[in-house]
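Novice: Only the shape, not the letters, is given here:
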């Protein structure tokens, strides 16, 4: 998945001005990818969301000092999201190799189901509040 272009960057501008544009673009990208990823069998959408979470997390690691505690909260939440989606992806990648080994297939499918539930719960319980806090920090 190719990252969205960040519009309006100015190399002569202060860090915070450019960081606002980058973080806002990465956040919009992440939010746009979330709905399809909340479908149980949407492994590619879930993988794309993980990549978007990784991009947002890394830019927040570099710029969170510009935005305060809301950015730190968003970075931590994004790391949790990235971790559970990464574990989900591991199951998806390993399942084809487990074909014909019934016990391993059952284990991987069960683990995937549990991880998917964890992802959905994580998203529904924390995402909106986290993103709203980050948006307030960007606007301040």
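Specialist: Done, it's in. As the structure is a computational prediction, the values presented were derived from the model and not from experiment.

Novice: For burial, what's the neighbour tally of residue 74?
Specialist: Residues lying near residue 74 (other Cβ atoms under 10 Å) number 26. C-beta coordinates here come from the backbone N, C-alpha and C atoms, glycine included.

Novice: pLDDT value on the nearest residue to residue 120 once chain neighbours are set aside, please?
Specialist: Once flanking residues are discounted, residue 120 sits nearest to residue 38: 6.0 Å by Cβ to Cβ, 6 or more residues apart in numbering. Looking at residue 38, its pLDDT reads 98.

Novice: Distance-wise, check residue 38 relative to residue 117.
Specialist: 11 Å (Cβ to Cβ, to the nearest Å).

Novice: Which one's more surrounded, those two?
Specialist: Neighbours were counted for residue 38 and for residue 117 using other Cβ under 10 Å; residue 38 has more, 15 against 12.

Novice: Could you list every helix and strand in contact with the host helix or strand of residue 46?
Specialist: For residue 46, the element it lies in under DSSP states H and E is helix 43-63. Judged by 3 or more Cβ pairs under 8 Å, 6 or more residues apart in numbering; DSSP states H and E, helix 43-63 is in contact with helix 15-37, helix 69-94.

Novice: Against residue 106, how distant is the closest residue to residue 109 other than its chain neighbours?
Specialist: Leaving aside its chain neighbours, residue 109 sits nearest to residue 95 (7.2 Å; criterion: Cβ to Cβ, 6+ apart). Using Cβ to Cβ, we find residue 95 at a distance of 11 Å from residue 106.

Novice: With neighbour numbers in mind, choose between the two.
Specialist: residue 95 (16 against 11).

Novice: Against residue 26, how distant is residue 117?
Specialist: For residue 117 relative to residue 26 (Cβ to Cβ), the value is 26 Å.

Novice: got it, and residue 86?
Specialist: 18 Å.
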